[in-house]
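Participant: No letters, just coordinates:
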């Protein structure tokens, strides 16, 4: 991309003679190419400290006579792991600026082009822009009047034209320039620009002049690399690796010093060694550094990669997060943040399309102070408005303007279907709702042409010539259309947001707009039009002049009335937010809507309840009126006007003492950038994990700014989903995403990391104990290749199985008791827990070495005359370590599954198989120490087999004792829930209600799918009456912490009809008869 900023460009159309050289249309659309793959891949991999460490070790091992473990024992596994990571991780046509190109129906525009002519009347073209903004509705574009007649290839070849336009920029909504053809000058606007990535629809062909190519195209200007996000667990793991690195250095120094001390005291007496030179301290330190390098698990990163990859697959395949109506499943767009879903402390949510459905219905309106419509009706059905229109009085004219404005002031494109019905395509659901509302009241929008629209007013067709359309933007918050009838009467129709006249509707949660109009004198309009045309076609565009002229035409308006559009809440939103609160997650709402609407939706969605104090901050002075000492169980409503003041360093104390302590915060009148600023403020001030969830393009900034971004695939396109880390179809799926997948993934990932550190220390610290018996010579007790294969073969699968199949409690239990979400997080990967695991692994390694040493101390004589030496000692100890760490995996697992048992015992078996083969192959392939016959010697020794039972049992005895005492005397919430589930299983004496074909892991949601609940008749009666079943110590635990004082509104009783539970989401669920997996598998994704 060019580094300089190009203010404007002058293009000669249809000629090779350009005034300057422009960017080519060649772009790379892939992450890597043949040249960049290696450097970019290595840069990505070596961002991890562990990979840098093992690269250094592999290089040090190449120094002759330094490495006690051979030259390739680190390099080979390291290269294998890098290869696996690499496995996990074209250019378009050459088109030049100034070329005239033809695009046919259904094809994507390869560059940004100015539309010159098309197959349709008036040079119209219909395009679809889902690749740009995710919107699938049709948009209309029109060729300049001066170029429409050049509608054949021959005519275009004779055309000489010039285009002067603004320089390349990323503003998709705006474009300014002029087209000069044979001295005919025409102003160019965004309506004539066809953007790269958009698709031509319902139009046979178009011709256009290329203005921006390659990286100058607006699509490429807007494409930016998603921010690199790392989970908290990743950062803590890096810190642990740094700690172990310093431990490694300390051990190398101590052992190097031990070698030096040994030389001083014993070298002269070791006459049987012959004359040897005194060892070099630095050389010894380097030797021990290489010897102990495996304290840092080489396989940890690839294990985490694999575990996270399959965890993401669980999310993608979860039928409980599949939306049948839209045929959309959950989608994990990254796997690096799976465990971060289990650590969320704040949720920042958009309102429209996120909490609400974004399906707008015209409900009520007010004209001249008279309110029409009824709250109870599903849509507007008040015939009184039509009667007032037909009455011959002064209100008739205003009602006529009101309804005409609804039918004319918009950018909707009508499309007539084969069945004769008309479908309205528009970028805004509000506009579609108003047009449909006007249609029901007799003002039917029928036709849109580039310069006019036709509406049918109670059967009479009326044409309105569109002179100017001033689009809606977030600053002006209004839209205007300047039009005139065939009689030459000029009118300005404006709709937009305003504070007055709208409180009544807003307080009911409706989306409101003010409607106004103004008649214009022809002379005034012509003068204004000339000035506006000059300002909009200036290169560069005169933004200030344009804004002043738009304000000028939108003044002295006559107020017509207001509209109220209903946007209902999505299903289960209040239940989901209540669950989040019980999980100790604070939910904030960030919306661009007005205060009254925002507060109403917050109340109806259970964000705000009647027990909380509501403090509204509309002005800077309001900040100083709130005293932290007076606050208890309070909610804040903050206006976008004061966001800058709130987040300033001047009010850091206010943020920490007031804002972060609020039960809920509602921010209204927010711009997209302000939403992102709020997210960043909370992240910085709380040092907690923030999740942002939204559905529209205006939510992208906050989604990317948050630790975890969740996009909802809703009515506003796919931009939010495409920019997110995880996407879901409904807000209530967030509950399962966090409470089930997030909590399980966090628990599993922590276990994988702690277990990986444990097993490495357990084995490789044995080298330290052996150093005391080998004169600190750097001699390894294990064969070099058994050392190399310990992590990547013999103990590779137990941590993966823990990361994929272990489950602390049932998914349903997590959903019934959201409080467990926070309790599962507490101290899960704290310094204390890490230190306990390190201490335990040191104790295990001590036992494993010295118990083995005591067993093998008196050398055993075999029939062959051989005796067991250091290699026999090492192989025996190695065997006991493999057995112990595999059994430790079973001990740490909360749930024993068949696959976990198979891989744990299979790992033990794989070591024995390897030993047998290795000891027989060694004489022909000498790649390490003399291993000939070692397997036979081990397996023919009764002492070895006795030790195989005795050593792991004694080693793990303390683990059994600790777990038994903790579970019996000091049970954690996890232990209590496990006991509860066991009690439930014993008490089941009535037939079970389940959906056949779906596992408990994925089909046990008590809210959205009550039909899958395993309950007894007594429990069903308790649930039906909203009575909480008593579970003894479990209930007492939550009551003691004040967590279960409210009714369990999350477990509502499903009605029973004809022996089957009726489900609000899947109504065809019956007793064990329906398999939903087939329906799920048909999804288009």
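Facilitator: Alright, I've got the coordinates. Quick caveat: nothing in here was measured; it's all calculated off a predicted structure.

Participant: C-alpha only now, for contacts and for neighbours.
Facilitator: Will do.

Participant: List the buried residues for the longest helix along the chain?
Facilitator: Determined from DSSP state H, the single longest helix within the chain is helix 232-266. For helix 232-266, the neighbour count (16 or more other Cα atoms under 10 Å) marks 232-234, 237, 241-242, 244-245, 248-249, 251-253, 255-260, 263 as buried.

Participant: which is the next helix or strand following it?
Facilitator: Sequence order places helix 281-291 as the next helix or strand after helix 232-266, per DSSP states H and E.

Participant: so what does that following helix touch, helix or strand wise?
Facilitator: Helix 281-291 sits against helix 232-266, with contacts defined as 3 or more Cα pairs under 8 Å, 6 or more residues apart in numbering; DSSP states H and E.

Participant: what about the helix it packs on, distance to the chain center?
Facilitator: On the basis of Cα atoms, centre = their mean, to the nearest Å, helix 232-266 sits 39 Å off its chain's mean C-alpha point.

Participant: relative to helix 281-291, how tilted is it?
Facilitator: 140 degrees (axes from the mean of the first three to the mean of the last three Cα atoms, to 10 degrees).

Participant: Report the mean per-residue pLDDT for helix 232-266.
Facilitator: Mean per-residue pLDDT for helix 232-266: 87.

Participant: Please apply the same query to stretch 634-651.
Facilitator: Across stretch 634-651, pLDDT averages out at 84.

Participant: Pull out the buried residues from that stretch.
Facilitator: In terms of neighbour count (16+ other Cα under 10 Å), stretch 634-651 has its buried residues at 634-643, 646-647.

Participant: one step back: what helices or strands is the longest helix of the chain leaning on?
Facilitator: Applying 3+ Cα pairs under 8 Å, 6+ apart, one finds that helix 232-266 contacts helix 49-60, helix 281-291.

Participant: Could you tell me the least trusted of those?
Facilitator: Among the helices and strands packed on helix 232-266, helix 49-60 scores lowest, at a mean of 67.

Participant: Show me the chain divided up by domain.
Facilitator: As given by automatic domain parsing, the domain ranges for the chain are 8-27+92-222, 37-89+227-295, 314-356+568-738, 361-566, 765-972, 988-1081.

Participant: Nearest to residue 306, out of those domains?
Facilitator: For those, the distance to residue 306 is smallest for domain 765-972, at 7.6 Å, taking Cα to Cα.

Participant: Span of the closest one from start to end?
Facilitator: By Cα to Cα, to the nearest Å, the extent of domain 765-972 from end to end equals 32 Å.

Participant: Now do the contacts for the residue nearest the centre of the chain.
Facilitator: Nearest to the geometric centre of the chain sits residue 725, at 2.1 Å (Cα atoms, centre = their mean). By Cα atoms under 8 Å, 6 or more residues apart in numbering, the contact set of residue 725 is 332-334, 337, 708-711.

Participant: now it: how far from residue 347?
Facilitator: 14 Å.

Participant: what does residue 626 give?
Facilitator: 24 Å.

Participant: Counting neighbours around each, name which of those two comes out higher.
Facilitator: residue 347 (22 against 15; other Cα atoms under 10 Å).

Participant: Give me the secondary structure label for the more buried one.
Facilitator: Put simply, residue 347 is strand when judged by DSSP: H, G, I helix; E, B strand; the rest coil.

Participant: what do you get for residue 113?
Facilitator: strand.

Participant: In this structure it contacts residue 197, no?
Facilitator: No: under the criterion of Cα atoms under 8 Å, residue 113 makes no contact with residue 197, lying 11.2 Å away.

Participant: So for those two, which sits in the more crowded spot?
Facilitator: Higher neighbour count among residue 113 and residue 197: residue 113, with 25 against 21, using other Cα under 10 Å.

Participant: who are the neighbours in contact with the more buried one?
Facilitator: 193-196, 208-212.

Participant: Mind checking which of those are buried?
Facilitator: For the contacts of residue 113, buried by 16+ other Cα under 10 Å: 193-196, 208-212.

Participant: Okay, and which of these map to strands?
Facilitator: Cross-referencing these against strands under DSSP state E gives 193-194, 208-212.

Participant: between the residues you listed, which is closest to residue 823?
Facilitator: Checking these against residue 823 with Cα to Cα, the nearest one is residue 194 at 53.9 Å.

Participant: what's across from the closest one in the sheet?
Facilitator: Counting by DSSP bridges, residue 194 is bridged to residue 113.

Participant: Going forward, count from 26.
Facilitator: In the new numbering, first residue 26, that becomes residue 219.

Participant: hang on, it packs against residue 139?
Facilitator: Yes: when contacts are counted by Cα under 8 Å, residue 219 is listed as touching residue 139 (6.1 Å).

Participant: re earlier: could you pull up phi and psi at the residue nearest to the centre of the chain?
Facilitator: phi -90, psi -30 (degrees, to the nearest 10).

Participant: List the contacts of residue 801.
Facilitator: Applying Cα under 8 Å, 6+ apart, we find residue 801 in contact with 280-281, 283-284, 287.

Participant: ok, those vs residue 812, which is closest?
Facilitator: Taking the contacts of residue 801 together and measuring to residue 812 by Cα to Cα, the closest member is residue 280, at 19.6 Å.

Participant: where's that closest one relative to residue 569, distance?
Facilitator: Separation of residue 280 from residue 569 (Cα to Cα): 74 Å.
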